[in-house]
Every structure is written in structure tokens, then in C-alpha cells.
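Peer 1: Here is my input; please provide its structure:
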Amino acid sequence: MNPTSKEGGLDQPFWFGAPVVPDDHADLPQASTLYLGAEGDLCGVTLGGTEVTLKNHPIGYVLGVYVRVKETGTTAGNIVALW
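Peer 2: Got it, this is the predicted structure:
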């Protein structure tokens, strides 16, 4: 198994992490759980393809697995993708 293409998920430990630059059109390099270092709104696309906006999310882990963090609608900062 190539660990850089590991499926992300809450039932597995994290092997890798990378800073996220929100983008309305580009997917994350890997489906990921997210960590927010600064509170705010998070607009993202889930692994299932659903666009969701989490309003006023506190600092910490975001439940779910995401394939995209959208620039439009995201005010949270210091976002890290973990997979």
C-alpha cells in the first residue's frame, strides 16, 4: 500500500498533514479530516459530494471527511488537512 494515497477517515490514525488553501474549484490532494486553527465558517464538499457550510465552527477537529474546502463561504483559518 502506498501510504501517500491512504484513505482518510475518523476510524484511522493520521499519517500525513498539509496546510489547506481554500479553493472553489480544486479538490484537496487527498480526502481528509480537517483541523481548524482559527474559528469561523467552513464551506466544504464532503466525500459523498455534498456541499455543507458549518457556521461559527470553533477551533478544533471537524467531523467528517472532505474532498474540497471552498474559498467562498469559508472564514475559518489555519486549516490543516489530515489523512
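
Peer 1: For the residue nearest to Gln30 when sequence neighbours are not counted, grab the count of nearby residues.
Peer 2: Closest residue in space to Gln30, ignoring its immediate chain neighbours: Trp83 at 4.6 Å, by CB to CB, 6 or more residues apart in numbering. (C-beta placed from N, C-alpha, C; glycine too.) Look at Trp83: counted by other CB atoms under 10 Å, it has 22 neighbours.

Peer 1: who's in contact with Leu36?
Peer 2: Counting by CB atoms under 8 Å, 6 or more residues apart in numbering, Leu36 touches Leu42, His57, Pro58, Ile59, Gly60, Tyr61, Val62, Ala76, Gly77, Asn78, Ile79.

Peer 1: Pull up the per-residue confidence for it.
Peer 2: Confidence at Leu36, expressed as pLDDT, is 98.

Peer 1: begin at 4 from here
Peer 2: Sounds good: first residue 4 from here, last item Leu39.

Peer 1: For it, give the beta-bridge partners.
Peer 2: Gly63, Ile82 (DSSP bridges).

Peer 1: Widest-spaced pair of the contacts of Leu39?
Peer 2: Using CB to CB, these span at most 15.2 Å, a distance reached by Tyr64 and Gly80.

Peer 1: Contacts only, for the residue nearest to the spatial centre of the chain.
Peer 2: For the chain, the residue nearest the mean C-alpha position is Leu37 (3.7 Å; CA atoms, centre = their mean). Leu37 sits next to Val23, Leu45, Gly47, Tyr64, Val65, Gly67, Tyr69, Val72, Ile82, Val83, Ala84, Leu85 when contact means CB under 8 Å, 6+ apart.

Peer 1: go again using 6 Å as the cut-off
Peer 2: Val65, Tyr69, Ile82 (CB atoms under 6 Å, 6 or more residues apart in numbering).

Peer 1: which residues of the protein fall in strands?
Peer 2: Listed in chain order, the strands of the chain (DSSP state E) span 20-22, 35-41, 43-49, 54-60, 63-72, 80-85.
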